[in-house]
Every structure is written in structure tokens, then in C-alpha cells.
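Colleague: sequence and computational prediction follow.
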Amino acid sequence: DQQVKQNSPSLSVQEGRISILNCDYTNSMFDYFLWYKKYPAEGPTFLISISSIKDKNEDGRFTVFLNKSAKHLSLHIVPSQPGDSAVYFCAASTISGGSNYKLTFGKGTLLTVNP
Amino acid sequence: NAGVMQNPRHLVRRRGQEARLRCSPMKGHSHVYWYRQLPEEGLKFMVYLQKENIIDESGMPKERFSAEFPKEGPSILRIQQVVRGDSAAYFCASSPVSISGANVLTFGAGSRLTVL
């Protein structure tokens, strides 16, 4: 049973345009959401997060939106750059449950930004 | 300040052999977390250890897998009698204290196990 779903295995965008990566979850106990970026042969690197008490968090070119009623979050990257090409993982945890080290990951979306 | 160090980066084993993966946490960190990424899957939590203690092993397979984090030295993830289905990337993360609130895990580069 996949509790965090990233339905697009891949996404290709032009440099300078917006990249939108989507993520859906089923477990209503999740209250903290993260995006990690992973380059080949490296570990996942934390990118941005959002608490369930917010609906938007912004950090430079990266913005995460959370729609709790739809159990959906998205990561917007604007403008996209070739160096953003990587696999992006959506992850969720339950801070209130005291086990926020136990992240549930989606399968990832491979983003390719073309020059 | 070196990050989380994992070795070996690549390990090849034949079915039935043992695999040992090592994780040296960041300096000053006494909490270690192991995750596994099977092919075409996301990372999955395996185990959370403090020095000399297993805190949460709810994600560990019931047989053949064990983990330790001794008082001295790296954390070890041990897989006995490996099977082809154990082929995966194994990632380790560490933290100075128990992860709480909005703190995030910092992962190492991973160890890729291939079972022939």
C-alpha cells in the first residue's frame, strides 16, 4: 500500500520555465512533508519542507504548496535551470506521533531541464 | 566537517554470502538511521539506532538482517545469506540528538549492494 504517490515518473521542461512536480498522499496522520533531490550516485539532499499547518512555503526558486483537503502537494521550481535536473522525492512523516525520523517516500520523479 | 560516510560504495555478493555495510555518522552525531531503496522504489525506513541501542527496528525484515551501532566505530548493517531481492541501495542518515520537530535527515551517498 503506497501511502505517498508520485504519479509522474519523469518530467521534461525548458530552461527558464516553471517545473511543477506533484505528490499525493493517503495517510491523514501525516503532518510534515518534505522534498528531497537526488543526483545519480549521491544520497538524497533535503530541499524544502512544509508543515500541515501551512499551505505554502517558499525558499528562493522553490515553493511547496500543500492542499490538505485533497491530500496533495506540489513543488514549483521557477525559473528552472539545467542544474535542477535530478530525481525529486516527496516524503511525509508524523511529527505529532514522535516518529518524524520515519519518512515515507514516493517513488520519485526524474526532472530533466533542457538548455 | 565531513558528512555521513558510507562504505563500501559498491558491494557485490553471491547468493548465500554475507554483506556488511558501514556508516560513520557526522562528527558529534550519536543517532543513526538506515533506509533501503529497492529498484524503481522510494526509500524505505529500516532501523533507528543510538549508540549501543536499537530504538526502532520496525522496518527491518524479520530474518537475516541485523544492525548495530557500537560505542566505538561505525554503525553496521549486516545481511546474512543474501538473496537477489536484497539488491538495493542502502542509505544511512545521522543526527546529533533524536530528530524532533522540523529537523530533517541528512543522508550519506549510499551503499549499492548487488547480489549475483
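Modeller: In hand now; what should we look at? Numbering: from 1, shown residues only, chains lettered A, B, ... in the order given.
Colleague: buried set for stretch B:48-64?
Modeller: Applying a neighbour-count criterion of 16 or more other C-beta atoms under 10 Å in any protein chain shown, the buried positions in stretch B:48-64 are B:48-49, B:57, B:59-60. (Glycine included, C-beta is placed from N, CA and C.)
Colleague: number of nearby residues for residue 35?
Modeller: In the absence of a named chain, chain A is used. 24 (other C-beta atoms under 10 Å in any protein chain shown).
Colleague: oops, I was thinking of chain B
Modeller: When neighbours are defined as other C-beta under 10 Å, residue B:35 has 25 of them.
Colleague: next one: residue A:42
Modeller: The number of residues packed near residue A:42 is 13, by other C-beta under 10 Å.
Colleague: list the contacts for the nearest residue to residue A:45 once chain neighbours are set aside?
Modeller: Excluding the flanking residues, the one nearest residue A:45 by C-beta to C-beta, 6 or more residues apart in numbering or on different chains is residue A:37, at 5.2 Å. Contact analysis of residue A:37 by C-beta atoms under 8 Å, 6 or more residues apart in numbering or on different chains lists A:44-45, A:47, A:84, A:86-89.
Colleague: which single one of those is nearest to residue A:13?
Modeller: Using C-beta to C-beta, residue A:84 is the member of the contacts of residue A:37 that sits closest to residue A:13, with 8.9 Å.
Colleague: so that closest one sits against residue A:113, correct?
Modeller: Yes. Because the distance of 5.1 Å satisfies C-beta atoms under 8 Å, residue A:84 is recorded as touching residue A:113.
Colleague: between those two, which contacts overlap?
Modeller: Common neighbours of residue A:84 and residue A:113 (criterion: C-beta under 8 Å, 6+ apart): residue A:19.
Colleague: hang on, the earlier thing: what helix or strand is the residue nearest to residue A:45 located in?
Modeller: Per DSSP states H and E: residue A:37 is located in strand A:32-38.
Colleague: residues of whatever helix or strand comes next after that strand that come out buried?
Modeller: Using DSSP H and E, the helix or strand that directly follows strand A:32-38 along the chain is strand A:45-51. Residues of strand A:45-51 classed as buried by neighbour count (16+ other C-beta under 10 Å): A:47-50.
Colleague: quick check: nearest residue in space to residue B:84, chain neighbours excluded?
Modeller: Leaving out its chain neighbours, the residue that sits closest to residue B:84 by C-beta to C-beta, 6+ apart is residue B:115, at 5.0 Å.
Colleague: I should have written residue B:50 there, sorry.
Modeller: Taking C-beta to C-beta, 6+ apart, and ignoring the residues beside it in sequence, residue B:50 has residue B:31 as its nearest neighbour in space, at 5.5 Å.
Colleague: ok, the one you found - contacts?
Modeller: With contacts defined as C-beta under 8 Å, 6+ apart, residue B:31 is in contact with A:101, B:25, B:48-50, B:55, B:94-99.
Colleague: ok, which stretches of the chain are strands?
Modeller: Using chain A. Taking DSSP state E to define them, one finds strands in chain A at A:4-5, A:10-14, A:19-25, A:32-38, A:45-51, A:56-59, A:62-67, A:72-77, A:86-93, A:104-105, A:109-114.
Colleague: right idea, wrong chain: chain B
Modeller: Under the criterion DSSP E, chain B contains strands at B:5-7, B:10-13, B:19-24, B:31-37, B:43-50, B:53-56, B:65-68, B:75-79, B:88-95, B:106-107, B:111-115.
Colleague: pLDDT (mean, whole number) over the third one?
Modeller: Strand B:19-24 comes out with an average pLDDT of 98.
Colleague: thanks a lot, catch you later.
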